[in-house]
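In: I'd like to go over a predicted model; first the sequence, then the structure.
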Amino acid sequence: EAFLQEAQVMKKLRHEKLVQLYAVVSEEPIFIVTEFMGQGSLLEFLKGEYGALLRLPQLVDFASQIASGMAYVERMNYVHRDLRAANVLV
């Protein structure tokens with residue numbers, strides 16, 4: 001129930017720095033369909049082969065993009081509640 005309510009909120013949010021939610025299957029098993037993010041989570045990306053190659057300007061750019069998305073969420077009067085690298089998709 002809580003997950004489905006959260007999915008309904010996600011469907012309303014539209015911002016270039018947020019993963020787009022396309023559909024929700026509310027019958028068991030519950031599925032969500034989102035845009036494809038080819039690099040997976042930011043956590044895994046940073047731990048992977050490319051993570052060691054990143055320099056400060058690129059990391060600051062990542063942080064800026066995340067902040068932009070979260071500022072939009074705040075403007076829409078929502079709170080993410082679980083913002084962490086494992087939940088950021090790249």
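Out: Sure, I can see it.

In: and Ile30, what pLDDT?
Out: The score at Ile30 is 85. That number is its pLDDT.

In: would you confirm that it contacts Glu6?
Out: No: contact criterion Cβ atoms under 8 Å: Ile30 and Glu6 do not qualify, at 11.2 Å. C-beta here means a position set from N, CA and C on the backbone, and glycine is covered the same way.

In: list the residues that contact Gln5.
Out: By Cβ atoms under 8 Å, 6 or more residues apart in numbering, the contact set of Gln5 is empty.

In: need phi/psi at it.
Out: phi -60, psi -40 (degrees, to the nearest 10).

In: return the distance of it relative to Ser26.
Out: 11 Å (Cβ to Cβ, to the nearest Å).

In: do a quick rundown of the strands in this protein.
Out: If DSSP state E is used as the criterion, the strands of the chain fall at 21-25, 31-34.

In: direction included, what does the last one pair up with?
Out: Strand 31-34 has these partner strands in its sheet, going by DSSP bridges: strand 21-25 (antiparallel).

In: then the partner strand to PDB, C-alphas only?
Out: Only the C-alpha atoms of strand 21-25 are listed here, as PDB (Å, rounded to 0.1, in the frame of the first residue of the first chain):
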ATOM      1  CA  LEU A  21       8.300   6.600 -13.900                       C
ATOM      2  CA  TYR A  22       6.200   5.200 -16.900                       C
ATOM      3  CA  ALA A  23       3.900   2.700 -15.300                       C
ATOM      4  CA  VAL A  24       2.900   0.800 -12.200                       C
ATOM      5  CA  VAL A  25       1.400  -2.700 -12.100                       C
END
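
In: residues of that strand that come out buried?
Out: By 16 or more other Cβ atoms under 10 Å, the buried positions in strand 21-25 come out as 21, 24.

In: lowest-pLDDT helix or strand in the protein?
Out: Lowest on mean pLDDT, DSSP states H and E among the helices and strands of the chain sits helix 2-12, with a mean of 83.
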